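Visitor: below are the sequence and a predicted model; questions follow.
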Amino acid sequence: MEKNKEEKAVSGKEKKSPGKFLKDLLSIYLNCAKVGLFTIGGGMAMLPMMQREFVEDKKWMTEEELIDFFAIGQSTPGIIAVNVSTFVGYKRCGIIGGFCGTLGMVTPSLIIITLLATLINSIDEYPVVQRALKGVNVVVAALLTNVTYNFAKKTVKNWWSAVILVASFCALFFFKVQPYWVILAAISAGIIATLIQTSRARKAKASEDTKEPQLVAESGTVTEPVEASENSLKEDK
């Protein structure tokens, strides 16, 4: 019973009262706003903070589900951070939850960018500010490198995913292929690899099913002479 409750809580399918539903909507908005406010470097740099907030603290989803959301958000139009926050909110509270997650993610950026837009001309006049921005860019590069390494470590689990990783990097870095072509090719390769694995698993299961009757038949032929010899011994006695 407790295990089922935990699974429902993670999946977001647990029945909620109106008060709890509104509380969850507020929690979605505030947590997405917190991620949007304190994360620098774009969507991929938000992965560690989202993992801590949504997986470890709130337990709204599993780590695998969050990585899937990032993969889908990366391959769909729009900003990856907004896409992921929409998925998170929708998983928790449906369409309204998705709206609250999106609104929470964009609210801090909307306020900060609006304020900076009025000061951008004066900011360019201060060399100290320009140097500070260059330092921030270096930190963002380090954050993205760390996130990319952790993301690859969690997603590259077999040889064909490693091949897709290397081929995608070569296509983007050396041949300057457009990202959407690489994404479409990776989706196709993943589908083909999954179909091949499923076909092999079905064949292996079918071969095991055919072996079982043969083993039963063989065991029957072995036991019959033994039983006959025991009956003949009894008759002799």
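Guide: Structure received.

Visitor: quick one: secondary structure of residue 40?
Guide: coil (DSSP: H, G, I helix; E, B strand; the rest coil).

Visitor: buried residues in stretch 91-102?
Guide: The neighbour-count check on stretch 91-102 (16 or more other CB atoms under 10 Å) flags 91-93, 96-102 as buried. (Each C-beta comes from the backbone N, C-alpha and C, glycine too.)

Visitor: keep only those of the residues you listed that are in helices.
Guide: 91-93, 96-102 (DSSP state H).

Visitor: now those residues in TSV, with pLDDT and distance to residue 204?
Guide: As requested, these are exported to TSV (pLDDT from 0 to 100; distance: CB to CB, whole Å):
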residue	pLDDT	distance to residue 204
91	93	34
92	92	38
93	93	41
96	95	45
97	95	41
98	95	40
99	96	46
100	96	46
101	95	42
102	95	44
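
Visitor: how about stretch 88-107 as PDB, C-alpha atoms only?
Guide: Listed next in PDB are the C-alpha coordinates belonging to stretch 88-107 (Å, rounded to 0.1, in the frame of the first residue of the first chain):
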ATOM      1  CA  VAL A  88       7.200  19.200 -15.100                       C
ATOM      2  CA  GLY A  89       4.100  21.200 -14.300                       C
ATOM      3  CA  TYR A  90       1.900  19.100 -16.600                       C
ATOM      4  CA  LYS A  91       3.100  15.900 -15.000                       C
ATOM      5  CA  ARG A  92       2.300  17.200 -11.600                       C
ATOM      6  CA  CYS A  93      -1.100  19.000 -12.100                       C
ATOM      7  CA  GLY A  94      -2.100  18.600 -15.700                       C
ATOM      8  CA  ILE A  95      -2.600  21.500 -18.200                       C
ATOM      9  CA  ILE A  96      -2.900  24.100 -15.400                       C
ATOM     10  CA  GLY A  97       0.200  22.800 -13.800                       C
ATOM     11  CA  GLY A  98       2.100  23.200 -17.100                       C
ATOM     12  CA  PHE A  99       0.900  26.800 -17.400                       C
ATOM     13  CA  CYS A 100       2.100  27.500 -13.800                       C
ATOM     14  CA  GLY A 101       5.500  25.900 -14.500                       C
ATOM     15  CA  THR A 102       6.000  28.000 -17.700                       C
ATOM     16  CA  LEU A 103       4.900  31.200 -16.000                       C
ATOM     17  CA  GLY A 104       7.200  30.600 -13.000                       C
ATOM     18  CA  MET A 105      10.200  29.900 -15.200                       C
ATOM     19  CA  VAL A 106       9.800  33.000 -17.300                       C
ATOM     20  CA  THR A 107       8.800  35.500 -14.600                       C
END
